[in-house]
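Visitor: give me coordinates for this.
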Amino acid sequence: LAEAKNSLSDASSIELIEGAAGNIPLGDEAVDLVFMSMVYHTLKDKEQTAREIFRTLRTGGFLVIKQTTLESNSQERILWKFFPKAMEAIKPFVDTRAKIIKNFVDAGLVLIAHDSIGYEWYKNYWEFFENEGKRARSPYKMVSDEEWAKNLADLKKFCELHGQEGPVMDKRDLFVFKKR
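Guide: Numbering: from 1, shown residues only. Take a look at the predicted model:
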């Protein structure tokens with residue numbers, strides 16, 4: 001939080017507030033928009049978070065979620081080709097589209113749009129290799145060092161043949177809910 005505050009100009013009208021998703025330190029109907037990008041799967045209590053978002057959203061406000069779902073984490077993703085055990089290991093932590101929708105509808109929001117969106121993830125396969133090879137993603141830490149080394153070696157061989165090809169595409173689900 002201190003780093004974020006330091007990056008703001010002195011004239012900034014942005015107020016940074018630290019809090020937990022299940023206990024948002026804002027009053028009722030305090031915000032017009034909540035945007036969640038790739039964090040839903042990390043929430044400890046998703047139902048409580050949904051209720052808190054409903055509470056803090058103004059009537060007419062929107063919740064937008066960009067998230068990998070069980071459906072968008074399909075075996076078509078390049079990650080499955082090179083890191084299948086890591087992708088299998090995260091399945092218990094990734095919800096279905098229907099479960100995400102039900103959670104927020106049960107909290108009182110209305111789903112107004114959903115789409116699965118493809119986007120350019122990396123410019124080419126070498127960029128993919130350089131970034132994913134850092135083992136920064138949590139699924140990669142869920143497999144043995146031996147498995148990781150084998151997966152990375154397979155990806156490197158692929159890149160030696162196709163490294164400049166691209167872009168490397170991926171998919172995410174985008175949900176838009178409204179408080180009526």
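Visitor: CA atoms for contacts and neighbours, from now on please.
Guide: Will do.
Visitor: nearest the middle, which residue of this structure would you pick?
Guide: The centroid of the chain falls nearest to residue 38 when counting by Cα atoms, centre = their mean (1.4 Å).
Visitor: which residue ranges of this structure form helices?
Guide: According to DSSP state H, the chain carries its helices in the segments 2-7, 46-56, 78-82, 84-90, 97-106, 125-132, 145-162.
Visitor: lowest-confidence stretch among the ones you listed?
Guide: Per-segment mean pLDDT for the helices of the chain reaches its minimum on helix 2-7, at a mean of 83.
Visitor: now that one - C-alpha only, PDB.
Guide: What follows is helix 2-7, C-alpha atoms only, in PDB (Å, rounded to 0.1, in the frame of the first residue of the first chain):
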ATOM      1  CA  ALA A   2       2.900   2.400   0.800                       C
ATOM      2  CA  GLU A   3       4.400   1.700  -2.600                       C
ATOM      3  CA  ALA A   4       1.100   2.500  -4.300                       C
ATOM      4  CA  LYS A   5       0.700   5.700  -2.300                       C
ATOM      5  CA  ASN A   6       4.300   6.800  -3.300                       C
ATOM      6  CA  SER A   7       3.400   6.400  -6.900                       C
END
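Visitor: tell me which residues of stretch 1-21 come out buried.
Guide: residue 21 (16 or more other Cα atoms under 10 Å).
Visitor: just to revisit the earlier point, next, work out how far apart the residue nearest to the centre of the chain and residue 174 are.
Guide: Summarising the geometry, the distance separating residue 38 from residue 174, computed by Cα to Cα, to the nearest Å, is 10 Å.
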